[in-house]
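J.: Okay, here's the prediction I keep looking at, along with the sequence it came from:
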Amino acid sequence: MTKTRQTDVAIIGGGPAGLAAAIAARKAGAKHVTILERSHELGGILQQCIHNGFGLHRFQEELTGPEYAYRFIPEVQKDPGIELYLNTMVLDLSSQQEITAIHPDFGLVKLQARATVLAMGCRERTRGALSIPGTRPAGVFTAGTAQRFVNIDGYMPGKKVVILGSGDIGLIMARRFTLEGAKVEAVVEIMPYPAGLARNIAQCLEDFDIPLYLSSTVTTIHGKDRVEGVTISQVDDKWQPIPGTGRYISCDTLLLSVGLIPENELSQAANIPLDAKTGGAIVDENRETLIPGIFACGNVLHVHDLVDYVSEEAEIAGEAATRYALSKADADAKANERDKGRKAQQVVIKPGENVRYVLPQRLTPGAEADLFLRVTQPMEAITLYLDGVMLARKRQVRPSEMLKIRLRPNHWENLRQNRGDLDGKEISLTAALQPTQPTRLEPETVRGARP
Amino acid sequence: MTIDGKTKGNNRKMTCITCPTGCQLEVRGGADGELEITGFQCRRGEEYARNEVLNPKRVLTTTVKVRNGVLPLLPVRTAKAIPKGLLERSMDTLADLEIQAPVRTGDVILANLLDTGIDVIASRDMEKVSNVG
Ligand SMILES: Cc1cc2nc3c(=O)[nH]c(=O)nc-3n(C[C@H](O)[C@H](O)[C@H](O)COP(=O)(O)OP(=O)(O)OC[C@H]3O[C@@H](n4cnc5c(N)ncnc54)[C@H](O)[C@@H]3O)c2cc1C
Ligand code: SF4
């Protein structure tokens, strides 16, 4: 039987979230921090994101993914208080924070943590593709897999490419394929607006005259052994293909960039309640899940478009996890009582009109915290209200951009004036359209490349 | 600022790519050759629009082959933005390059790319294969 090791703070995943959480935990006074990472190196998804665009908020510099990761990796490697397990896949996590992992040399590794930070990142959605009729030939990849092939393994999956979905990974790969000499025939997006950041539409598609078809989807994949082409069609406002709009595009590769989903098998193993909208755990301002002592940050919590916010969130989680771990020295029964009281007191925040999700979903009344949210559709100008209390105005908002608003003491004062005692209450965050400036959606259903 | 005849009277819409906010900019070339720029939320946007009309530039990120490295490819980038028109030729130049591990982040991989005065630098460390147990 393997011996169970003890640690103050266990961190599952060594991407940007895990790295920042580990450093923050040490700064907050954790004596022993353990990072468990299934890959052979630290850095997570950043190692394959060789494009620039990382770190503008945090470092006021535009770094590539690996460069951003190297702002953290040496500090973690040098720290004797951080124990690193690479090539180590975590298989199970219990709600009592027993961690079971497997390592090629040590075999099963068992770890008992006082606090745990989940930082497993996300994986790519492939479901959208399964509903495409036609054959199942070779040449269909997720955009992230293609990114790995091209940037790490040095293998080009094809020469004529169609990309389904306008998520950032797909846009970045459209440019990458083009620079490597392949022809990207089209990017096809089912929604009437792009899923990725506006800057990526500009610098990855418009720069190379790659056409973007909005309100359109791939309706058939052609080819027996290898992809030979696809049919794309326009869709109606219920996302159903419009008969007669089909159009054949010859290609040898179809990339899917249809979204990311938080990797939450372990969270489920530990019975951590998840938010159906984010796909990640329900957390409070400390990024603590509903299971006391287990925290979550980064893409496992909600899909981020900016790594800067991942690092920020991970620092909150790493620091809070350490506070929890160190306070656990009390008799356990007392700690459990305290945990219960703490959770019962929290306010629950629900997404209201025009808001897709808000994170954290729970707040201790009075907490000065940043709220992160996404809207449901592009809007020209909005005002954000928390239960009737005005928080902020924003311009040109898009679902692809996460918004951040600071909750300040005066907001809490106003909330208390309206609602009295807030403990345990439910309040909602709404985005009201500014009436003077109506919503503007893309007028055409199909938009070609810039003339 | 005065611009050449080509852009005079041209109206262009563009997305500022300087930061993730992605402001929608509009550039009007006035009859007197002045550029009228609107839509930016900060000065860098105004500068971007001006450069975009006069001399558009991009940072190039790609990979080069590595010999004896723990991985077959090294990610690299231009230290600064290069003229957009040179992207394709730069890719051709870098395709022929093969470098030796080990490499450190920031090492110059190719100096003075296509006489731009701008270097191509490594964007990660790459250990030699024998260094890794
Ligand atoms: C293609 C692409 C382009 C992007 N472009 C930008 C950009 O231009 N600018 C920007 O700021 N951000 C960008 N991002 C976003 C940013 O990279 C991510 O938000 C960030 O990497 C998320 O960090 P993370 O640590 O949560 O997840 P990850 O980086 O995915 O790290 C998770 C880690 O956990 C490990 N792991 C998972 N499960 C287990 C397990 N069971 N046991 C052990 N280890 C496990 C994984 O191996 C991985 O190393 C981009 C992302 C992608 C995919
Ligand atoms: S104008 Fe300023 S704020 Fe707007 S995208 Fe450009 S750099 Fe960012």
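T.: The structure has been received and is ready for your questions. Ligands and ions are numbered 1, 2, ... in the order given.
J.: Was I right to think A:Leu260 contacts A:His304?
T.: No - assessed by C-beta atoms under 8 Å, A:Leu260 is found out of contact with A:His304, at 9.5 Å. Glycine gets a C-beta too; all of them are placed from N, C-alpha and C.
J.: which residues does the spatially most central residue of chain B contact?
T.: For chain B, B:Val59 is the residue whose C-alpha lies nearest the centre (C-alpha atoms, centre = their mean; 1.4 Å). With contacts defined as C-beta atoms under 8 Å, 6 or more residues apart in numbering or on different chains, B:Val59 is in contact with A:Asn52, A:Glu62, B:Arg77, B:Thr78, B:Lys80, B:Ala81, B:Ile82.
J.: now do A:Ile11
T.: Contact partners of A:Ile11, counting by C-beta under 8 Å, 6+ apart, are A:Gly18, A:Ala21, A:Ala22, A:Ala25, A:Val33, A:Thr34, A:Ile35, A:Leu36, A:Thr116, A:Val117, A:Ala119, A:Gly318.
J.: ok now the helix or strand containing it, how far from the chain's centre?
T.: According to DSSP states H and E, A:Ile11 maps onto strand A:4-12. Mean-position distance between strand A:4-12 and its chain equals 24 Å (C-alpha atoms, centre = their mean, to the nearest Å).
J.: which parts of it are buried?
T.: Buried residues in strand A:4-12, counted by 16 or more other C-beta atoms under 10 Å in any protein chain shown: A:Arg5, A:Thr7, A:Asp8, A:Val9, A:Ala10, A:Ile11, A:Ile12.
J.: Give me the sheet partners of it and which way each runs.
T.: Strand A:4-12 has its sheet partners listed here by DSSP bridges as strand A:33-36 (parallel), strand A:107-118 (parallel).
J.: ok, then the element right after the last one?
T.: Using DSSP H and E, the next helix or strand after strand A:107-118 towards the C-terminus is strand A:122-124.
J.: tell me which residues in that next one are buried?
T.: Across strand A:122-124, burial judged by 16+ other C-beta under 10 Å covers A:Cys122, A:Arg123, A:Glu124.
J.: before we move on, what about stretch B:118-129?
T.: Of the residues in stretch B:118-129, those buried (16+ other C-beta under 10 Å) are B:Ile118, B:Asp119, B:Val120, B:Ile121, B:Ala122, B:Ser123, B:Arg124, B:Asp125, B:Met126.
J.: swap in stretch B:85-100?
T.: Quick answer for stretch B:85-100 (16+ other C-beta under 10 Å): B:Leu86, B:Leu87, B:Ser90, B:Leu94, B:Ile99.
J.: now do the same end-to-end measure for that stretch.
T.: Using C-alpha to C-alpha, to the nearest Å, one end of stretch B:85-100 lies 29 Å from the other.
J.: same question, stretch A:358-371
T.: End-to-end distance of stretch A:358-371 (C-alpha to C-alpha): 7 Å.
J.: quick one: contacts of that stretch?
T.: With C-beta under 8 Å, 6+ apart as the test, stretch A:358-371 has contacts from A:275, A:278, A:280, A:282-285, A:287, A:301-302, A:342-343, A:345-351, A:372-373, A:386, A:391, A:404-409, A:412, A:416, A:422-423, A:429.
J.: show me the contacts for the closest residue to ligand 1 within the stretch 101-250 of chain A.
T.: Nearest residue of the stretch 101-250 of chain A to ligand 1: A:Gly121, at 2.3 Å (C-beta to the nearest ligand atom). Residues near A:Gly121 by C-beta under 8 Å, 6+ apart: A:Gly13, A:Gly15, A:Ala17, A:Gly44, A:Ile45, A:Pro262, A:Glu263, A:Gly298, A:Asn299, A:Val300.
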